[in-house]
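**Student:** got a sequence here, can you build the structure:
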Amino acid sequence: MNFAPWQRSVFEAAHGSLAEGRLGHALLLVGPEKMGKGEVAAILAKRLLCASPAADGLACGQCRSCRQFEAGTHGDFSRVGFEPNDKGDKLRSEITVDQIRRLGQWFALTPQLGGAQVALIEPAEGMNHAAANALLKTLEEPSPGRFLLLVCSAPGRLPATIRSRCQRLEFRLPAKEQAEAWLRSQGHAEADIGAALEAARGHAGLAADWLAQGGLALRRQVRGDLDAVGNGKSGPVEMAQRWLGDEQAALRLRFAADLAQDALSRRLGARPPEKGGLTAPGDFSKLSAWYDALNRVRGQLSAPLRHDLLLAGLLREWRTMLLEDRKEGVAR
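**Tutor:** Sure, this is the predicted structure:
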């Protein structure tokens, strides 16, 4: 396994606890998205099930347990996540109480290979209230050789009663130099690494994803779109429909919010001036409110609302704020 530096530190901490007999039966792997938490959890699960682990702490990859794990047929490993809805046309937006009850029944079975049983729940914050309550029974009645791995990007959405019963394994953003070195090792162009890390606020995993998927180009496009709306070259309604017209809608809104936040930071002197940056409104309070409203729309994209009208209204407000600035000669 070619661990990223932040993944290696987490795995080594878990392996050290396991070697010393201090590994909890419930582990909470927490940190920002795109940090590889799920991958590390799966590697740890494979190790916990392995009959002949290697000296470096990883699974051997050769025993019967490892072969079944790789084939996805291991009877003593259970993965819980979003299941298809009743129509089968898309995934549910939450993990249900029935799923957690089935997991509790599964944990009560005798392990098929005579070793450990390991369950992985991802995303753990996706459990609804009833599911989280049902999980407490499993957490409160630990059994030897039973392990529960919870992968979570928003631990604040988990009940404190669950968090307090888990051993926490935290994924932290790496130092800038370490992040840059890792991105180089992944084959990304040197000229783009700095810009990607800056846009991702130092999040190397997110920067790598954007570099691989064209995220930087999309961010530049969003900046140009905001300028076009602001100077009257594009209409708010047409732009809103274009932004929401494909699967990248949430990312466009994120970039728009990030660009507004950057403008706020520059206005406060927290970030240096940016050559060729976004021309943003000069009214601090209005820009702050616009930023909050845009994030609310982004958070509601899955709700049955007229997002095009909401977004068009915000883009119209963006143009109005810039027009007011031009009248006063303060647009920057």
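
**Student:** helices of the stretch 101-250 of the chain, start to end?
**Tutor:** 129-140, 160-163, 176-185, 190-199, 204-213, 215-230, 236-243, 249-267 (DSSP state H, counting those that start in this stretch).

**Student:** could you dump those to JSON lines with mean neighbour count?
**Tutor:** Heads up, the C-betas are built off the backbone N, CA and C, glycines and all. What follows is the helices of the stretch 101-250 of the chain, written out as JSON lines (neighbours: other CB atoms under 10 Å):
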{"stretch": "helix 129-140", "mean neighbour count": "17"}
{"stretch": "helix 160-163", "mean neighbour count": "14"}
{"stretch": "helix 176-185", "mean neighbour count": "16"}
{"stretch": "helix 190-199", "mean neighbour count": "16"}
{"stretch": "helix 204-213", "mean neighbour count": "21"}
{"stretch": "helix 215-230", "mean neighbour count": "18"}
{"stretch": "helix 236-243", "mean neighbour count": "17"}
{"stretch": "helix 249-267", "mean neighbour count": "19"}
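
**Student:** nearest to Asp76, out of these?
**Tutor:** With CB to CB as the criterion, Asp76 lies closest to helix 129-140 of these, at 15.5 Å.

**Student:** contacts for that closest one?
**Tutor:** 26, 94-97, 99-101, 103-104, 107, 121, 127, 148, 158-159, 161-162, 165-166 (CB atoms under 8 Å, 6 or more residues apart in numbering).

**Student:** what's the answer for stretch 167-178, then?
**Tutor:** With CB under 8 Å, 6+ apart as the test, stretch 167-178 has contacts from 4-7, 10, 13-14, 17, 23-24, 26-32, 35-37, 40, 179, 182, 197, 202-204.

**Student:** can I get that stretch in CSV, CA atoms only?
**Tutor:** The C-alpha trace of stretch 167-178 is given here as CSV (Å, rounded to 0.1, in the frame of the first residue of the first chain):
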residue,chain,number,x,y,z
GLN,A,167,-11.3,5.4,19.9
ARG,A,168,-10.6,8.4,17.7
LEU,A,169,-8.2,8.2,14.7
GLU,A,170,-7.8,11.7,13.2
PHE,A,171,-6.7,12.6,9.7
ARG,A,172,-5.0,16.0,9.7
LEU,A,173,-4.0,18.2,6.8
PRO,A,174,-0.3,17.9,6.1
ALA,A,175,2.2,20.8,6.2
LYS,A,176,2.5,22.7,2.9
GLU,A,177,5.9,21.2,2.0
GLN,A,178,4.7,17.7,2.7
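
**Student:** show me what contacts Leu294?
**Tutor:** Leu253, Ala256, Ala257, Ala260, Leu314.

**Student:** rewinding a little: narrow the contacts of stretch 167-178 to those in strands?
**Tutor:** Among the contacts of stretch 167-178, the ones falling in strands (DSSP state E) are Ala26, Leu27, Leu28, Leu29, Val30.

**Student:** hang on, Leu301 in a strand?
**Tutor:** No - using DSSP: H, G, I helix; E, B strand; the rest coil, the assignment for Leu301 is coil, not a strand.

**Student:** need the pLDDT of the residue nearest to it when sequence neighbours are not counted.
**Tutor:** Distance criterion CB to CB, 6 or more residues apart in numbering; nearest residue to Leu301, sequence neighbours excluded, is Ala250 at 5.7 Å. pLDDT, Ala250: 95.

**Student:** my guess is Ala250 contacts Ser302. True?
**Tutor:** No - using CB atoms under 8 Å, Ala250 makes no contact with Ser302, being 9.3 Å away.

**Student:** list the contacts of the nearest residue to Gln186 once chain neighbours are set aside.
**Tutor:** Of all residues not flanking Gln186 in the chain, Ala208 sits nearest, at 5.9 Å (CB to CB, 6+ apart). Ala208 makes contacts with Lys34, Leu183, Gln186, His188, Ala196, as judged by CB under 8 Å, 6+ apart.

**Student:** quick check: longest helix of the protein.
**Tutor:** Longest helix in the chain, counting residues (DSSP state H): helix 307-328.
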